[in-house]
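1. structure for the following, please:
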Amino acid sequence: MRKNYKNLFFLVVLACVFNLEAQSRTIYKDVLLNGKQARLNVATGEFIFKGSDGKDSIVNARRTNEDFSLERLNYHTVQSGENLLNIAEQYGLTLKKIKDANNLKTTLVSVGQKLRVRNFEDEKINKSEDIWVVAKGHTLYYISKKTGVNVTDIKRLNGLKSNNLSIGQKLYLK
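-> Numbers count the residues shown, from 1 in each chain. Model (predicted):
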């Protein structure tokens, strides 16, 4: 009877070791995400897809309240304390590349501003009707009346939490 317990104990330990080995292996599955090739980490639910500059982009698909569209991943929304150089380094870009891609004349950025950081060849930003450059006296209401895009959409497209605008700030209208 005692020998059976030793065998049972050995089998349980062996099963635990194999289970830990299986859990430590990362399993990826090749998938398409919004029309682009990606790899799905089966264990974590993260998608990794190749960016246009050779860098991988990781998207955690388990967060339910975030937008994972390719359009969203092509842009970075400026957070408090960030500057253009930090953002460029974060995405493996040069300062010149990020300035040129976003038609910036200076390195000044404002909180909530959206900057193009990936897939520059897909850029359709040169269409003047897609972007509004804020000038002195412009308000969201004024821009809305001039463009026909409602204030709520302008705020959502540009990640604005308030109605405050900065002169020279670029607002996406589509």
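
2. Asp30 touches Gln37, doesn't it?
-> Yes - between Asp30 and Gln37 there is a contact under CB atoms under 8 Å: 7.0 Å. C-beta: built from backbone N, CA, C; applies to glycine.

3. quickly list what's touching both of those two.
-> Residues touching both Asp30 and Gln37 (CB atoms under 8 Å, 6 or more residues apart in numbering): none.

4. which residue is nearest the middle of this protein?
-> Nearest to the geometric centre of the chain sits Leu73, at 3.6 Å (CA atoms, centre = their mean).

5. and that residue, how far is that from Val13?
-> With distances taken as CB to CB, to the nearest Å, Leu73 is found 45 Å from Val13.

6. show me where this structure dips below the pLDDT cut-off.
-> Across the chain, the ranges flagged by pLDDT under 70 are 1-3, 17-26, 33-35, 43, 49-72, 121-129.

7. let me see the domain layout of the protein.
-> Structural domains annotated on the chain: 2-65, 72-172, as defined by automatic domain parsing.

8. what's the most buried one of these?
-> Neighbour counts (mean count of other CB atoms under 10 Å) averaged over each of the domains of the chain peak at domain 72-172, with a mean of 15.

9. off-centre distance for that one?
-> Between the centre of domain 72-172 and the centre of its chain there are 14 Å (CA atoms, centre = their mean, to the nearest Å).

10. start to end distance for stretch 157-166?
-> Taking CA to CA, to the nearest Å as the measure, stretch 157-166 stretches 16 Å from start to finish.

11. show residues contacting it.
-> Here stretch 157-166 makes contact (CB under 8 Å, 6+ apart) with 77, 110, 112-114, 134, 138-140, 151, 154-155, 171-174.
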